[in-house]
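A.B. asks: model this:
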Amino acid sequence: MIYGNLTRDPELKALPSGMQVCSFSLATNRIYNDRDGNRQEAVDYHNIVVFGKQAENCSKYLSKGNSAFIEGRLQTRSWDKDGVKQYRTEIVADRVQFGPKGGGGGASAPTTDTGAKNDKAPATPDYPEEEINPEDIPF
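C.D. replies: Numbering: from 1, shown residues only. Reported below is the predicted structural model:
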């Protein structure tokens with residue numbers, strides 16, 4: 001299980017069988033204190049592969065910078081390229097949960113935009129000066 005932010009837009013492809021495959025990369029952040037007590041930050045990058053209907057949804061709703069929670073298994077593939085053996089370790093996702101819209105956030109708390117242009121409290125509505133008679137309310 002990992003939680004992070006997409007480093008690139010998802011790529012959707014189809015296998016010869018017709019099954020959809022989506023791949024993208026996820027960055028996870030870690031903040032810790034070293035032996036001397038200094039604050040350190042580290043980033044790890046993970047290759048994610050998703051199959052089937054979930055692949056289509058990832059391609060449709062995720063984009064670079066969005067956050068996602070991934071549950072899956074590790075898989076290492078190998079192939080020969082110009083006589084040199086290449087390796088790639090990926091997370092094959094069993095489940096993908098989309099993070100808050102607008103992405104980002106990492107370990108920080110999510111922010112909400114109320115549409116206000118400044119930090120002032122919202123204005124109170126103008127109430128009528130005269131007394132309100134409950135009989136005048138139409139419902």
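
A.B. asks: and the residue nearest to the spatial centre of the chain, how far is that from residue 96?
C.D. replies: For the chain, residue 67 is the residue whose C-alpha lies nearest the centre (CA atoms, centre = their mean; 1.3 Å). From residue 67 across to residue 96, the span is 11 Å (CB to CB, to the nearest Å). All C-beta atoms are positioned from the backbone trio N, CA, C, and that covers glycine.

A.B. asks: What of residue 47?
C.D. replies: 14 Å.

A.B. asks: neighbour-wise, which of the two wins?
C.D. replies: Just comparing residue 47 and residue 96: by other CB atoms under 10 Å the higher neighbour count belongs to residue 96, 20 against 15.

A.B. asks: sec struct for that one, please.
C.D. replies: strand (DSSP: H, G, I helix; E, B strand; the rest coil).

A.B. asks: Surely it is in contact with residue 51, unless I've mixed up the numbering?
C.D. replies: No. At 10.8 Å, residue 96 does not count as touching residue 51 under the criterion of CB atoms under 8 Å.
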